[in-house]
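Provide a 3D model corresponding to the input given below.
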Amino acid sequence: MINCKQRVIAREKLEEYLLSSTHLVGRAKAKFFRHFGFNESNLERLETGLLLISTAGDVKDRLQTPYGTKFVIEGMLDTPVGNRVKIRTVWMLESKEDVLRFLTAYPAR
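Next up is the predicted model:
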């Protein structure tokens, strides 16, 4: 369990990265998430699922960086099309802050 006061996902991370078919890095992730029914009309559902993974998922790795501690957390995500998919999320707990910030998500193997 990661102790922090707050968990934050910037809306831009969802709209302009995870669901963007034109983002250089995010477009492959967008293909995956859109295949399972996520889109701009249900961003809250994606956000809720990612936040749930950050609290109930399995911490697979911790990495100290100059900016803070990066956590890789794996869990199951309920999708709009009725499937549950296993994904990995990456979060940053910045030094001098008590806020866990979402960085990215991708399919887990």
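
all contacts plus neighbour counts: C-alpha atoms, from now on.
OK.

who's in contact with Leu100?
Residues counted as contacts of Leu100 (CA atoms under 8 Å, 6 or more residues apart in numbering) are Cys4, Gln6, Arg7, Val8, Trp91, Met92, Leu93, Glu94.

spatially nearest residue to the second one, not counting backbone neighbours?
What it means is Gln6. Val99 (4.9 Å; CA to CA, 6 or more residues apart in numbering).

before we move on, back to that, turn the contacts of Leu100 into CSV, including distance to His35 and neighbour count.
Output for the contacts of Leu100, formatted as CSV (distance: CA to CA, whole Å; neighbours: other CA atoms under 10 Å):
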residue, distance to His35, neighbour count
Cys4, 33, 11
Gln6, 30, 10
Arg7, 26, 16
Val8, 25, 14
Trp91, 24, 22
Met92, 27, 22
Leu93, 30, 21
Glu94, 32, 17
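
make a markdown table from those residues and add pLDDT, secondary structure and distance to Gln64 to it.
Putting these into a markdown table (pLDDT from 0 to 100; DSSP: H, G, I helix; E, B strand; the rest coil; distance: CA to CA, whole Å) gives the following:
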| residue | pLDDT | secondary structure | distance to Gln64 |
| --- | --- | --- | --- |
| Cys4 | 83 | coil | 16 |
| Gln6 | 92 | strand | 20 |
| Arg7 | 95 | strand | 19 |
| Val8 | 96 | strand | 19 |
| Trp91 | 98 | strand | 12 |
| Met92 | 97 | strand | 10 |
| Leu93 | 95 | strand | 10 |
| Glu94 | 87 | strand | 10 |
